[in-house]
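**Q** Got a sequence here, can you model it:
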Amino acid sequence: MISKQERYQFRKERTRKNLQANAFTRPRLSVYRSARYLYAQVVDDSKGLTLAAASSLDKELKGKLKSGKCLETAKVVGTLVAKRAMGKGVTEVCFDRGGRIFHGRIKALADAAREAGLKF
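**A** Okay, the predicted model is just below:
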């Protein structure tokens with residue numbers, strides 16, 4: 001029987017292959033979820049640059065959020081990274097969830113970024 005960690009590794013490798021096919025046509029919105037915090041950044045892989053970034057540790061959000069691990073925080077971080085990316089002229093991205101399941105905080109961040117104007 002395959003363990004949960006092995007399934008995560010398989011999923012991560014499979015999504016990495018799909019993202020490499022789209023990597024040179026548009027930037028990717030990479031999301032990292034730790035136990036306490038949430039990080040998102042828009043990366044241009046062809047140039048090797050980070051175009052926009054936001055996290056639950058940002059100085060702008062530090063006093064406003066209850067904690068870094070709730071759905072409300074994910075929505076705020078998604079909106080913030082979308083606004084920063086749109087300010088740099090990025091409207092379309094590939095969504096890189098880092099092998100995580102599209103559920104919970106990851107989904108809330110993606111939905112908030114879509115509502116703020118990013119297309120993926």
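
**Q** Check the spacing between residue 1 and residue 8 real quick.
**A** Residue 1 is 15 Å from residue 8, where distance means Cβ to Cβ, to the nearest Å. Every residue, glycine included, has its C-beta placed from N, CA and C.

**Q** can you check residue 73 too?
**A** Distance from residue 73 to residue 8, by Cβ to Cβ: 23 Å.

**Q** Which one's more surrounded, the two?
**A** Comparing residue 73 with residue 8 by other Cβ atoms under 10 Å, the one with more neighbours is residue 73, at 22 against 14.

**Q** Run the chain-centre distance for the strand or helix carrying residue 74.
**A** Here residue 74 sits within helix 71-87, counting by DSSP states H and E. Centre-to-centre, helix 71-87 and its host chain are 9 Å apart (Cα atoms, centre = their mean, to the nearest Å).

**Q** for the chain, what spans make up the strands?
**A** Under the criterion DSSP state E, the chain contains strands at 28-33, 38-44, 49-55, 94-96.

**Q** Which of the ones you listed sits closest to residue 80?
**A** Each of these has some distance to residue 80 by Cβ to Cβ; the shortest is strand 49-55, at 4.2 Å.

**Q** ok, and the closest non-adjacent residue to the spatially most central residue of the chain?
**A** For the chain, the residue sitting closest to the mean C-alpha position, by Cα atoms, centre = their mean, is residue 31 at 2.8 Å. Using Cβ to Cβ, 6 or more residues apart in numbering and skipping the chain neighbours, the partner closest in space to residue 31 is residue 40 (5.0 Å).

**Q** Touching, the one you found and residue 78? I think so.
**A** Yes: applying Cβ atoms under 8 Å, one finds residue 40 in contact with residue 78, separated by 6.8 Å.

**Q** ok so, going back, what about the strands of the chain, which gets the closest to residue 62?
**A** strand 49-55 (10.4 Å).

**Q** residues in contact with the closest one?
**A** Here strand 49-55 makes contact (Cβ atoms under 8 Å, 6 or more residues apart in numbering) with 27, 37-44, 77, 80-81, 84-85, 87-88, 90.
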